[in-house]
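Asks: turn this into a model:
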Amino acid sequence: MEIIFENVSLSFPDKTIFSSLNINLSPGKIIQVVGENGSGKSTFLNLAAHLIRPTSGKVMAFCGKKELNGEAYRKKIAMLSPNMQLYDNLTAKENLKFFSKLRGESLDCNEIAKLWERVGLREENVRHKYAGKLSTGMSQRVKFAVFLAAKADVWILDEPSANLDDKGRSMIIKETKKATQNGALALWATNDERERNAADEIIDLSNIDRVS
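Replies: The predicted model follows:
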């Protein structure tokens, strides 16, 4: 999957976020989006995910030479952001199965066990704990398991290691590197220094020209 920003501008009545933005996001790379607070990191990711539309210009997604839009594109992407919430009255396992069903997928016991292993949730009691009772770090690991279950070609990650310890941060980096080595495009917004060092390419939104 390749994502192309072509002359993209995004404006609100009192502010211009981007003006004439031209960027190609190529598969097989970790592309990190950095910038000062308010520079538009999350907005950039939302544009890439087709969650918002630019004021002018185009954000295009291609699989080979075929352009994908709508449902065809949504099936190719997975997004992890601070806005993602688990259902407090469902267990960690029930949340994982529920969100997978929303994507039209059904996970068997073996697939679920592998996902828990990948995100470091080995304790059986944690998997059966209600999400509302999980620590913020454990909750983030469950969210990442939901993310991994999508088996997406495009990874869109907004502050993915928030609330995680060093082992959790290393796990995020390891899984993202593995995905890009298998051809995925990983786009993440973070100012974490270790994640920045793991990136193949960096887009610094603080240095992008914008109209005041």
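Asks: so residue 155 is in contact with residue 78, correct?
Replies: Yes - counting by CB atoms under 8 Å, residue 155 touches residue 78, with 6.2 Å between them. The C-beta positions use only the backbone N, C-alpha and C, and glycine is treated the same way.
Asks: shared neighbours of these two, anything?
Replies: Common contact partners of residue 155 and residue 78 (CB atoms under 8 Å, 6 or more residues apart in numbering): residue 147.
Asks: residue 204: neighbour count?
Replies: Close neighbours of residue 204, defined as other CB atoms under 10 Å, add up to 12.
Asks: what residues are bridge-paired with it?
Replies: Beta bridges link residue 204 to residue 34, judged by DSSP bridges.
Asks: what about the helices in this structure?
Replies: Ranges of helices in the chain, per DSSP state H, are 41-48, 70-74, 92-102, 109-119, 124-127, 136-149, 166-181, 193-198.
Asks: can you put the ones you listed in a markdown table and add mean pLDDT, distance to residue 5 and mean neighbour count?
Replies: What follows is those, written out as a markdown table (pLDDT from 0 to 100; distance: least, CB to CB, whole Å; neighbours: other CB atoms under 10 Å):
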| stretch | mean pLDDT | distance to residue 5 | mean neighbour count |
| --- | --- | --- | --- |
| helix 41-48 | 92 | 7 | 21 |
| helix 70-74 | 90 | 15 | 13 |
| helix 92-102 | 93 | 28 | 18 |
| helix 109-119 | 93 | 31 | 15 |
| helix 124-127 | 79 | 40 | 14 |
| helix 136-149 | 95 | 23 | 21 |
| helix 166-181 | 94 | 19 | 16 |
| helix 193-198 | 80 | 21 | 14 |
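Asks: would you list those helices in TSV and tack on distance to residue 35?
Replies: As requested, these are exported to TSV (distance: least, CB to CB, whole Å):
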stretch	distance to residue 35
helix 41-48	5
helix 70-74	25
helix 92-102	30
helix 109-119	28
helix 124-127	35
helix 136-149	22
helix 166-181	20
helix 193-198	12
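Asks: out of those helices, which comes closest to residue 54?
Replies: Each of the helices of the chain was scored for nearness to residue 54 using CB to CB, and the closest is helix 41-48 (6.2 Å).
Asks: helices or strands next to the closest one in the packing?
Replies: strand 2-12, strand 15-25, strand 30-34, strand 154-158, strand 185-189 (3 or more CB pairs under 8 Å, 6 or more residues apart in numbering; DSSP states H and E).
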